[in-house]
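> Test case, fold it:
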Amino acid sequence: MAFEDKMNQLKKSMDSNHQAQVEKAPRISKSYTLKQNVANELAKRAHEKDMTASRYLESLLKKEFNCG
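Alright, predicted model coming up:
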């Protein structure tokens, strides 16, 4: 009986936590291919700023689209 209660409690907390995350930050998952020279430059600049290439690209796009 205690095990079932604990499982129900966990399910409720997981569901509500997941729902809050979905509402908070909707994201688009899309894959793009970059030309090799562009990818290399992106990686080099990201490394200089101690960031991953994807995070650096995200920051560039945010600046370009004026969204933070």
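
> Find the residue ranges of the protein scoring beneath the pLDDT cut-off.
Flagging of the chain using pLDDT under 70 yields the residue ranges 1, 15-25, 68.

> give the contact list for the most centrally placed residue in the chain.
The centroid of the chain falls nearest to Arg27 when counting by C-alpha atoms, centre = their mean (7.4 Å). By C-beta atoms under 8 Å, 6 or more residues apart in numbering, no residues touch Arg27. Using the backbone N, CA and C atoms, a C-beta is placed for each residue, glycine as well.

> Which helix or strand contains it?
Using DSSP states H and E, Arg27 falls within no helix or strand.

> mind checking the backbone torsions on it?
Main-chain dihedrals, Arg27, degrees, to the nearest 10: phi -130, psi 150.

> Tell me the spacing between it and Ala39.
As defined by C-beta to C-beta, to the nearest Å, Arg27 lies at a distance of 22 Å from Ala39.

> same question, Ala46
Applying C-beta to C-beta, the value for Ala46 to Ala39 is 10 Å.

> Now for these two: what residues contact both?
Common contacts of Ala46 and Ala39 (C-beta under 8 Å, 6+ apart): Ala53.

> which one of those two has more residues nearby?
Ala46 (18 against 13; other C-beta atoms under 10 Å).

> If you drop the residues flanking it in sequence, what lies closest to that one?
Tyr56 (3.6 Å; C-beta to C-beta, 6 or more residues apart in numbering).

> I figured the one you found hits Lys49, correct?
Yes. Using C-beta atoms under 8 Å, Tyr56 is in contact with Lys49, at 6.2 Å.

> what about the two, which has more around it?
Tyr56 (19 against 10).

> residues touching the more buried one, list them.
Tyr56 makes contacts with 42, 45-46, 49, as judged by C-beta under 8 Å, 6+ apart.

> What is the most widely separated pair among those?
Leu42 and Lys49 (11.1 Å; C-beta to C-beta).

> all helices of this protein, in order?
Assigned by DSSP state H, the helices in the chain fall at 2-24, 36-48, 53-64.
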